[in-house]
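Participant: after the sequence you'll find the predicted model.
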Amino acid sequence: MSRDLTIQQAAERTGLSTHTLRYYERVNLLPSIERATNGHRRYSEQDLRWIEFVKRLRSTGMPICEVQHYLETYEQGDAGIAERLEIMEAHRHRLMTKIEELDGFLTRIEAKVENYRARVAQQKAATR
């Protein structure tokens, strides 16, 4: 597999900073990134796909430690599928709970907005 992208190119393609890419590698959110003979990191298209996957997990609020655990089970191949399922189901449950909580917040905010709209309308009517 071709590993011809520098860290700067990988950063541009993924929208992450070079600092973040180095951090993700340091905390084992990325599989081993190969190095050129000069020691510089070289990223493949597969590496970029993995980075995008990590970004999606992180954007859902998955903690770094769980992404790390997921990567460990991913590296086990088929032997880690059941554990990956557990990780995803637990995360889905947390997300659903958070969505329900946010929905409650939104309902209360919408009620406040409607209340204030009505009060503003009353003030306008009273000044006419």
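Facilitator: Arrived safely, thanks for sending.

Participant: do you know the pLDDT at the nearest residue to Gln76 once chain neighbours are set aside?
Facilitator: In this structure, Gln76 finds its nearest non-sequential neighbour in Glu83, 7.8 Å apart by CB to CB, 6 or more residues apart in numbering. C-beta here means a position set from N, CA and C on the backbone, and glycine is covered the same way. For Glu83, the pLDDT comes out at 97.

Participant: what's the answer for Glu75, then?
Facilitator: So, for Glu75, pLDDT stands at 88.

Participant: that one: what's it in contact with?
Facilitator: Going by CB atoms under 8 Å, 6 or more residues apart in numbering, Glu75 touches Pro31.

Participant: please compute how far the helix or strand harbouring the residue nearest to Gln76 lies from its chain's middle.
Facilitator: Counting by DSSP states H and E, the element that carries Glu83 is helix 81-126. Mean-position distance between helix 81-126 and its chain equals 20 Å (CA atoms, centre = their mean, to the nearest Å).

Participant: same check on stretch 6-21?
Facilitator: 16 Å.

Participant: buried set for that stretch?
Facilitator: With burial defined by 16 or more other CB atoms under 10 Å, the residues of stretch 6-21 counted as buried are 7, 10-11, 14, 16, 21.

Participant: give me phi/psi at Gln76?
Facilitator: Backbone torsions of Gln76, given as degrees, to the nearest 10, read phi -80, psi -10.

Participant: so what's the residue count around it?
Facilitator: 11 (other CB atoms under 10 Å).

Participant: got it, and Ala36?
Facilitator: 11.

Participant: need the three-state assignment for Arg42.
Facilitator: Following DSSP: H, G, I helix; E, B strand; the rest coil, the label given to Arg42 is strand.

Participant: dig out what it forms beta bridges with.
Facilitator: Glu34 (DSSP bridges).

Participant: burial of it, as a residue count?
Facilitator: With other CB under 10 Å as criterion, Arg42 counts 19.

Participant: now the one 3 residues further on
Facilitator: Neighbour count of Glu45, defined by other CB under 10 Å: 13.

Participant: likewise the one 10 residues further on?
Facilitator: For Lys55, the tally of surrounding residues (other CB under 10 Å) stands at 16.
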